[in-house]
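Undergrad: can't give you the sequence, but here's the structure:
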C-alpha cells in the first residue's frame, strides 16, 4: 500500500492529518521536524510527504530543498501544510521544490483528495521510469547472455577510443571466437548451445576487472 509521511511538530496536527487519510488505507509514518523527516525518508521511502512549514531544528522549506537535491528522493511528492497567513512561506516552499500545499484549518476532503492525486501521479511516474529502465536494458543488453550487446559495444568502444586519444593512455580490445560452435549446435542442439554461451559469458566476466567491458559481438563471438 502507498506510504505517507506526515511531518509536523504539533501532535494534534499529526493526528488530524492521519484521520483525514484514515479511509484511504495508507501506511502512515510520522516525523516531528525536517531533520527527522530526512531520516524517516531514508528508512521508509514514502510515496508522498505532508510537511508543515514552521518547525524547530529544521523547517519544512529547508527539508524540501534538501530532498530535491538528493538524487534518490528528489521526485517524492511534497505537500506543504501551512496557515493562510504564511503565503510568503508557501511561495518559498514551492520555489524550493514542493508540489502542492494545504492550508490550515484542514478540510478533510481536500487533504484526502490532494494526497490521493499526489500518490497517483507518483505511482505513474515510478511505472514510467521502470518502463524506461526496462527499455534501456533491452536496448543495451544481449537477451541470451545478459551482457552488453553489439550495438553497445560500438558506442562504448568509441567513447573509450576518444578518452584514450585525449589522455594518451592505452586501449586494448580482445576479440574472442568459440571454435567449432556449429558442431556443438548440430550434435547437441541449440538449447545446449545457448547454455554454453551463457557459461562462456560468465567465465569471461569472472576473468575481467570491474572497469573492463564485455560484449557479445554476435553468434559465438565476444569482445572485451
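TA: Sure thing, it's come through. Quick caveat, the model's predicted, so the values are computed rather than measured.

Undergrad: So what pairs up with residue 6 in the strands?
TA: Assessed by DSSP bridges, residue 6 has beta-bridge partners residue 30, residue 50.

Undergrad: any idea how far residue 102 is from it?
TA: As for residue 6, its distance to residue 102 is 11 Å (criterion: C-beta to C-beta, to the nearest Å). All C-beta spots, glycine's among them, are computed from the backbone N, C-alpha and C.

Undergrad: if you take the average position of this structure, which residue is closest to it?
TA: residue 72 (5.9 Å; C-alpha atoms, centre = their mean).

Undergrad: which SS class is that one?
TA: Following DSSP: H, G, I helix; E, B strand; the rest coil, we place residue 72 in the coil state.

Undergrad: quick one, which of residue 6 and residue 102 is more surrounded?
TA: The neighbour comparison of residue 6 against residue 102 (other C-beta atoms under 10 Å) goes to residue 6, with 29 against 17.

Undergrad: Quick check: that one vs residue 186, distance?
TA: 66 Å.

Undergrad: Buried residues, the helix ranked longest in the chain. List them.
TA: As assigned by DSSP state H, the longest helix anywhere in the chain is helix 108-140. By neighbour count with 16 or more other C-beta atoms under 10 Å, helix 108-140 contains the buried residues 111, 112, 114, 115, 118, 119, 122, 140.

Undergrad: so how far does stretch 167-187 reach from one end to the other?
TA: Taking C-alpha to C-alpha, to the nearest Å, stretch 167-187 runs 49 Å from one end to the other.

Undergrad: where along this structure do the helices fall?
TA: Counting by DSSP H, the chain has helices at residues 11-20, 34-44, 60-69, 87-95, 108-140, 150-167, 181-188, 190-206.

Undergrad: rank those by mean pLDDT and give me the bottom one.
TA: Among the helices of the chain, helix 87-95 has the lowest mean pLDDT, at a mean of 82.

Undergrad: by how many degrees do that helix and helix 60-69 diverge?
TA: Helix 87-95 runs at 10 degrees relative to helix 60-69, counting by axes from the mean of the first three to the mean of the last three C-alpha atoms, to 10 degrees.

Undergrad: who are the neighbours of helix 87-95, in terms of helices and strands?
TA: Contacts defined by 3 or more C-beta pairs under 8 Å, 6 or more residues apart in numbering; DSSP states H and E place helix 87-95 against helix 60-69, strand 78-83, strand 100-104.

Undergrad: and residue 161, how many residues sit next to it?
TA: 12.

Undergrad: Could you measure from it over to residue 154?
TA: 10 Å.

Undergrad: before we move on, what about residue 98?
TA: Between residue 98 and residue 154 the distance is 44 Å, computed by C-beta to C-beta.

Undergrad: Compare the two (neighbour count), which wins?
TA: Neighbours were counted for residue 98 and for residue 154 using other C-beta under 10 Å; residue 98 has more, 24 against 13.

Undergrad: Let me see the contact set for the more buried one.
TA: Residue 98 is in contact with 51, 64, 78, 79, 80, counting by C-beta atoms under 8 Å, 6 or more residues apart in numbering.
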